[in-house]
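Could you look at this predicted model? Sequence included:
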Amino acid sequence: MVNDKRNWNGTWFPQNPNAAIKKLESFQKTLIDVNENNNATGVWKGKWFPHEPHPDAEPLKHEKTQLKKHPDLIKMGVADPVCDDGNTNLATDFDPNDVTFHEEFLCTRPFKFKEFKPNKTRKAHHLSYNIPKGYRFNHICMNETIEYKENIPTYGDHRKLWAAWGEYKFLPKQRWIHNLEHGGIVMLYHPCALQYEVQKLKDIVANCLYRHIITPYSDLTAERPLALVAWENSVEMSVVSTEIAVSFIRKYALQAPEKLPDQGQYQHMLIKNSTIISDYNDSRLCPYQLELNGDKNGPF
């Protein structure tokens with residue numbers, strides 16, 4: 001048996017180790033020569049990867065992209081003047097200093113009051129949408145506008161700061177849709193609607209649940225100038241029906257992706273905050289209303 005590998009005359013598998021040793025020694029010698037040369041001149045003499053940099057080339061710049069829409073990255077409820085702090089760039093949704101916006105909360109055509117006259121024979125109109133479970137809507141910063149296809153939107157992208165619960169002189173839909181997502185009920189009324197009917201519906205809503213928003217909405221029709229809105233659902237009325245209003249609230253309130261009673265940070269044009277009715281979580285809806293015809297949900 002031959003102990004000295006250098007004198008082995010047989011077949012190596014997979015290869016002769018002496019060749020690998022010689023290759024390693026050659027590589028080490030190259031490194032020593034390069035390092036000695038670098039130390040002497042201060043200039044790299046080795047190989048470049050992927051290529052040698054040009055001395056006049058500008059350094060690479062990585063531009064920061066402002067995050068606008070991703071719901072996980074634009075955290076809701078966190079005030080940020082760059083995105084949304086509830087005070088900056090409000091004119092994107094509603095400009096109170098623009099006279100043309102006054103029609104949103106003022107009746108500028110009182111001579112047409114008769115068009116808004118309540119009609120007891122006109123049935124309430126209920127719309128319902130079915131959003132796939134798991135579908136997520138985006139929080140949009142105030143440098144972008146938000147448009148909706150529906151006349152009364154009941155879901156969609158919205159501002160990241162939701163409104164404080166209560167009654168407003170005017171609240172843009174881009175805000176109150178976020179309140180819908182938290183399980184709230186939004187009451188809408190046309191500025192030219194009969195004030196008696198408006199007040200009647202206000203009283204019902206304000207005494208049914210803490211999580212409510214009340215605001216004028218000029219996109220309602222003269223035929224049905226009153227509406228209640230919940231996530232995925234809306235009902236429009238010509239005349240206030242206590243039965244319809246209470247049953248709608250009992251069935252559709254709190255039925256939203258995020259059941260959060262937390263107070264919102266947006267308070268622009270807030271008239272008064274809502275008050276707790278049953279408890280902070282609205283565990284009992286419309287507690288002061290009797291059961292409707294023996295059916296908790298009434299017509300709904």
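Yes, it's here.

Quick check, central residue of this structure?
What sits nearest the mean C-alpha location of the chain, by Cα atoms, centre = their mean, is His139, with 3.0 Å.

what about that one, distance to Tyr168?
Between His139 and Tyr168 the distance is 21 Å, computed by Cβ to Cβ, to the nearest Å. C-beta: built from backbone N, CA, C; applies to glycine.

likewise Val82?
According to Cβ to Cβ, Val82 and Tyr168 sit 25 Å apart.

what about the two, which has more around it?
Tyr168 (22 against 11; other Cβ atoms under 10 Å).

Look at the nearest residue in space to Glu115 that is not next to it in sequence and say how many residues are nearby.
Leaving aside its chain neighbours, Glu115 sits nearest to Ala222 (4.1 Å; criterion: Cβ to Cβ, 6 or more residues apart in numbering). When neighbours are defined as other Cβ under 10 Å, Ala222 has 16 of them.

Per-residue pLDDT of Ala222, please?
Note for Ala222: predicted pLDDT of 94.

ok, now Asn37?
Confidence score, pLDDT, at Asn37: 56.

Equivalent analysis for His182, please.
Note on His182: pLDDT of 97.

And the one 10 residues further on, by the same measure?
Confidence at Cys192, expressed as pLDDT, is 93.

Kindly report the same for the one 10 residues further on.
Each residue has a pLDDT score; the one for Lys202 is 98.

helix, strand or coil for the closest residue to it other than its chain neighbours?
With sequence-adjacent residues excluded and distances taken as Cβ to Cβ, 6+ apart, Lys202 is closest to Ile214, at 5.8 Å. Under DSSP: H, G, I helix; E, B strand; the rest coil, the three-state class of Ile214 is strand.

Same check on the one 5 residues further on?
Put simply, Asp219 is coil when judged by three-state DSSP.

now do Phe248
Three-state assignment for Phe248 (three-state DSSP): helix.

Wait, it touches Val240, no?
No - if you go by Cβ atoms under 8 Å, Phe248 and Val240 don't touch, sitting 11.6 Å apart.

quick one: buried residues of stretch 183-191?
183-191 (16 or more other Cβ atoms under 10 Å).
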